[in-house]
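J.: Prediction below, plus the sequence it came from.
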Amino acid sequence: MGSVSLVNGNDNLYSLVHYWKDLTLLYTYPPFSTVVFAPISFGSATLATQMMGAIIICALARASWLLGSQMAAASRGSALTVSLAIFTLGLAGEPGRSALGLGQVATILAWLLVEDWLGLGRGKRLGGVLTGIATGIKLVPAIYIAAYAVLGQWRRAGLACITFLATAVLGAVLLPASSRLFWTGVGFDASRVGDVATPGNQSLKALAWRTFPPESRIAWWMLFSLVVGCVWVYLIRGYDRAGDVVAVVLLTGLAGLLASPVSWSHHWVWLAPTTIWLWLKSGLSARFPLKLSGRVIACVAVGAMVLGPALPEQALQELGWDPLQWLIGDSYVLIGVLVLLWAAGNLLDRSTVWTTSKLVAEPAMPSPR
């Protein structure tokens, strides 16, 4: 609808309403997003659906290969096997199924970011550009610009910022009225996407809304987000020093999902590759507790992705969940937190980190005679 509006010369992006089942859906992405998807708006709705599905599957395949080949190199496994495992779990798990079924952009954004960090943008003069484009389509990927800054990769951070600003300027040129509305309030109004406490929202804010009384929710959300932010900085700096760029990319994706006010279950496409990374990484650990806990979390994550946060979404019912309902209804959030904690424990165990780093960076040396 947004791209059709652009093509038809209308500047009313945030007045558009799409009715789906009993939901009223409003446009929430930056104006630049309509430019990106304009090419599929010229044909029929059926053709657009088919093209979007094909793009999502291709994006998942490419991201799976980039991540899988890196993970296989670190674990001395088969690149094809690991990539197929990521692709299969990414397509069969609830986040991937929902993203494909709804035609959502989460998988495409994940590919752009993976491509920038591990593919075409890695070691290239234009590294950071794809991250800027992803941020221009949806603001949440801005955490990857912050990651470049935290890691001291200022050139990439600068290029990402310049690219992002260019997308905003292009949106303002093509849709000036809509751009003014977006950047002066509409783009930061989380209420436009629905009730925060809905079980489909798997974020720290949603967990706080479903767990605590109204007067303390914001305080708990701020505290949780602050802690996750500090842990994230520690993790990406440590894994970057250890040469594990895959960990940096995946853990940044999880941190962004946790901290974002609204992270629908279909946004959690990062969970599939993270689960495979966790399984392989824990297998490298010399410490049995790390090995066992990593494998257990990975298995739980697979089960959660197969089922999804499978509680009925009924008005306000989620505010009175019993403990089991709470565990199921907040499963992605809880798994995301457990992965970050495990990653921190693995990073503190220097023997594991250096073992992994050596597998990637150092060739085997013959024993001296």
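T.: It's in. The structure displayed is predicted, hence computed values, not measured ones.

J.: contacting residues around residue 229?
T.: With contact set as C-beta atoms under 8 Å, 6 or more residues apart in numbering, residue 229 has these partners: 255, 259. Yep, even glycine has a C-beta here, placed from its N, CA and C like the rest.

J.: where does it land in three-state SS?
T.: Secondary structure, DSSP: H, G, I helix; E, B strand; the rest coil: residue 229 is helix.

J.: Would you agree residue 70 is in contact with residue 245?
T.: Yes - applying C-beta atoms under 8 Å as the test, residue 70 and residue 245 come out as touching, 7.0 Å apart.

J.: shared neighbours, those two?
T.: Contact criterion C-beta under 8 Å, 6+ apart; residues shared by residue 70 and residue 245: residue 118.

J.: which one of these two has more residues nearby?
T.: residue 70 (24 against 17; other C-beta atoms under 10 Å).

J.: Quick check: phi and psi at the more buried one.
T.: With angles defined as degrees, to the nearest 10, residue 70 sits at phi -70, psi -40.

J.: And for the one 5 residues further on?
T.: Note on residue 75: its backbone torsions stand at phi -110, psi 10 [degrees, to the nearest 10].

J.: ok, the nearest residue to it once chain neighbours are set aside - contacts?
T.: Of all residues not flanking residue 75 in the chain, residue 280 sits nearest, at 4.4 Å (C-beta to C-beta, 6 or more residues apart in numbering). By C-beta under 8 Å, 6+ apart, residue 280 lies in contact with 71, 74-75, 77, 82.

J.: excluding its backbone neighbours, what's nearest residue 43?
T.: That would be residue 51: by C-beta to C-beta, 6+ apart, it lies 7.7 Å from residue 43.

J.: Can you get me a residue count around residue 180?
T.: Residue 180: 14 neighbours (other C-beta under 10 Å).

J.: Could you check how far it is from residue 189?
T.: 14 Å (C-beta to C-beta, to the nearest Å).

J.: And residue 25, by the same measure?
T.: Taken as C-beta to C-beta, the span from residue 25 to residue 189 is 14 Å.

J.: The two - which one has more neighbours?
T.: residue 25 (15 against 12).

J.: Is that one in a helix, a strand, or coil?
T.: strand.

J.: Make residue 1 into 420 and carry on from there
T.: Shifting the count to begin at 420 puts that one at residue 444.

J.: Contact partners for it?
T.: Residue 444 touches 436-438, counting by C-beta under 8 Å, 6+ apart.

J.: Helices - which of the residues you listed land there?
T.: Using DSSP state H, no member of the contacts of residue 444 falls within helices.

J.: which among these gets closest to residue 763?
T.: Minimum distance to residue 763 across the contacts of residue 444 is 41.3 Å, recorded for residue 437 (C-beta to C-beta).

J.: That closest one reaches residue 424, doesn't it?
T.: No - between residue 437 and residue 424 there is no contact under C-beta under 8 Å: 11.6 Å.

J.: Give me the more crowded residue out of the two.
T.: Neighbours were counted for residue 437 and for residue 424 using other C-beta under 10 Å; residue 424 has more, 19 against 11.

J.: doesn't the more buried one fall inside a helix?
T.: Yes - judged by three-state DSSP, residue 424 forms part of a helix.

J.: any idea how far it is from residue 446?
T.: Distance from residue 424 to residue 446, by C-beta to C-beta: 9 Å.

J.: Pull up the overlap in contacts between these two.
T.: Common neighbours of residue 424 and residue 446 (C-beta under 8 Å, 6+ apart) are 432, 435.
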